[in-house]
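Student: mind folding the following:
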Amino acid sequence: MSYQEKLFKLREDVKIVGPYLKQVSEEIRTQKVSKYPIFIVHQEKAIRLGKMILDKENSRTYWSYNASLLEEFVQKNFVAENNLEEFKKVYKSPDEYMCFFLLTPEDMNFVFCPFDMNKEWG
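Tutor: Here you go, the predicted model:
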């Protein structure tokens, strides 16, 4: 599957689960757990990153979703400490965008998806 096809599937999922992900993001930030929530998007049965919040089988989506934080990504060396400030600069407003870490056997990428589906993806 091409990267564009993966993004298309993610976009279709967001139409279904976007409001729930927005709520999770808001809770993480209002409870001051982190200013930088990250949703791991995957199809694995179990991954050791974040906490499973939506299983593709139960939510009838193409992807499963784990909730994580920038701090966990630094702790597990997915984001190097010396790149932390640079990452924070490119991290889009969590009031308007979800930060996804798209994890597939072929690759892994950060993707910023607007809650408002009419806005441009980054």
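Student: only C-alpha atoms for contact and neighbour calcs from this point on.
Tutor: Noted.
Student: so residue 29 sits against residue 35, correct?
Tutor: Yes - in this structure, residue 29 is within contact of residue 35 by C-alpha atoms under 8 Å, at 5.4 Å.
Student: how close does the residue lying farthest from the centre of the chain sit to residue 34?
Tutor: Distance to the chain centre peaks in the chain at residue 82, reaching 21.6 Å (criterion: C-alpha atoms, centre = their mean). Distance of residue 82 to residue 34, given as C-alpha to C-alpha, to the nearest Å: 19 Å.
Student: residue ranges with poor pLDDT in the chain?
Tutor: Applying pLDDT under 70 to the chain flags residues 118-122.
Student: just the helices in it please.
Tutor: 3-30, 56-59, 70-75, 84-90 (DSSP state H).
Student: so which of those helices is nearest residue 103?
Tutor: Proximity to residue 103 (C-alpha to C-alpha) singles out helix 3-30 among the helices of the chain, at 10.2 Å.
Student: just how off-centre is the closest one within its chain?
Tutor: Centroid separation between helix 3-30 and its chain, computed with C-alpha atoms, centre = their mean, to the nearest Å, is 7 Å.
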